[in-house]
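Chemist: fold the following and give me the result.
(one chain, ligands or ions: 1)
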Amino acid sequence: MKDHNIVAIVGATGAQGGGLARAILADPAGVFSVRALTRHPDSGPARALAARGADIVAADLDRAETLKPAFAGVDAAFCVTNFWEHHSPERELAQAAAMAQAAKNAGVAHVIWSTLEDARLWVPLESGQMPTLMGHYKVPHFDAKGEANSEFIGRGLPTTFLLTSFYWDNFIGFPGMGPRRGGGGVLTLSLPMGDKKLPGIAAEDIGRCAYGILRGGQRYVGQMVGIAGEHLTGKQLASGLSRALGQTVQYEDVSPEVYRTFDFPGAQDLANMFQFKRDFQDVFCGARSVELSRQLNPSLQTFDRWLADNKTRISLD
Ligand SMILES: NC(=O)c1ccc[n+]([C@@H]2O[C@H](COP(=O)([O-])OP(=O)(O)OC[C@H]3O[C@@H](n4cnc5c(N)ncnc54)[C@H](OP(=O)(O)O)[C@@H]3O)[C@@H](O)[C@H]2O)c1
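Modeler: I've put the predicted structure just below:
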């Protein structure tokens, strides 16, 4: 009998999967071991995981044949796609289908699928509330993930659907997201969120919550589990940034129409995303419980806690 349950982790070299891999590796008394899937087994992040005890396995979501050996013999799998690498919802759907099929073939006992809402269930394509993008989507990087839920459900896979939140880490590395100096020289956080709350989370905590789900055994199978570190308005985010940076950051409530014209990749998609979160605050916040997130991950960070560790890394354009 083996002494560990093997978890195949897609995206182990990235933020979400990396958080899960590090959470498992940091708990030597735990019953799980890490099989990290990557296209680049020799990369720095893959080597760092290997040095901590992870098994590194080459796999590419765009080459389904590589997933068969990668999923073989595992007890659980963490599945995530990276829309921002290619900006193609169709490719994301195909990647999710390939992972679901590989998990089915391997008889995986528990799959966590990192998903988001299909905004078209609230804003039908024919609605003029926000423009349709790429012909078939309202929020392309959300819609394909939500649509892909059926790839796991349809195959009868024992799946937990993990609804993630806006990473506060976007203020560090996501083009266009950090505070920028406005005309008067004042740092300005521009979001089309009105006075509504944005569920946010430290990216590292996503994987830690996923670890809590795995430790729950079958408890969360078949459930949608939404996670967030805090639900904060744009004003509250700006106040937190001001306290941490020691200089004023003001919140600017730009309209989605203006945000769509911003000059960074994905601005239209993100404008629709923020508008969706703004217009359906009760649905979006209601699906993401901070209390449950803390039960899954007792070290869950607040925005202030995350800022204390990361304020020097925030990009100030
Ligand atoms: N930014 C946010 O606020 C936010 C919030 C919620 C959800 N999300 C979603 O999070 C997803 C990205 O997750 P992340 O932030 O963890 O990603 P990340 O840090 O950018 O890393 C991407 C990971 O995906 C792996 N990967 C990408 N394409 C692959 C392929 N074809 N085959 C195998 N592995 C592949 C990469 O592995 P290798 O390069 O090593 O192969 C890497 O580990 C996006 O789809 C985004 O929509 C983001």
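Chemist: list the helices and strands the helix or strand that contains residue 35 packs on?
Modeler: Using DSSP states H and E, residue 35 sits in strand 32-38. Applying 3 or more Cβ pairs under 8 Å, 6 or more residues apart in numbering; DSSP states H and E, one finds that strand 32-38 makes contact with strand 5-10, helix 15-25, helix 44-51, strand 55-58. (C-beta placed from N, C-alpha, C; glycine too.)
Chemist: other SSEs contacting the second one?
Modeler: Helix 15-25 is packed against strand 5-10, strand 32-38, helix 44-51, strand 76-79, helix 203-215, with contacts defined by 3+ Cβ pairs under 8 Å, 6+ apart.
Chemist: quick check: angle from the first one to helix 203-215?
Modeler: Here strand 5-10 runs at an angle of 140 degrees relative to helix 203-215 (axes from the mean of the first three to the mean of the last three Cα atoms, to 10 degrees).
Chemist: partner strands of strand 5-10 and their direction?
Modeler: Here strand 5-10 is paired, per DSSP bridges, with strand 32-38 (parallel), strand 76-79 (parallel).
Chemist: what's the most buried one of these?
Modeler: strand 76-79 (a mean of 28; mean count of other Cβ atoms under 10 Å).
Chemist: pull the distance from that strand to the chain's centre.
Modeler: From the chain centre to the centre of strand 76-79 is a distance of 14 Å (Cα atoms, centre = their mean, to the nearest Å).
Chemist: quick one: is it near the ligand?
Modeler: No - using Cβ under 6 Å from any ligand atom, we find that strand 76-79 stays clear of the ligand, coming within 10.1 Å at best.
Chemist: who's in contact with that strand?
Modeler: 5-11, 16-17, 20, 32, 71, 96, 99-100, 103, 108-114, 207, 210, 214 (Cβ atoms under 8 Å, 6 or more residues apart in numbering).
Chemist: out of these, which are close to the ligand?
Modeler: 10-11, 16-17.
Chemist: make CSV from those and add neighbour count and pLDDT to it.
Modeler: Formatted as CSV, these follow (neighbours: other Cβ atoms under 10 Å; pLDDT from 0 to 100):
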residue, neighbour count, pLDDT
10, 27, 99
11, 23, 98
16, 25, 98
17, 28, 99
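Chemist: of those residues, which pair is most distant in space?
Modeler: 10 and 16 (9.0 Å; Cβ to Cβ).
Chemist: mind listing the shared neighbours of the two?
Modeler: 78, 80.
Chemist: near residue 22, how many other residues are there?
Modeler: Using other Cβ atoms under 10 Å, residue 22 is surrounded by 20 other residues.
Chemist: what about it, distance to residue 292?
Modeler: Between residue 22 and residue 292 the distance is 21 Å, computed by Cβ to Cβ, to the nearest Å.
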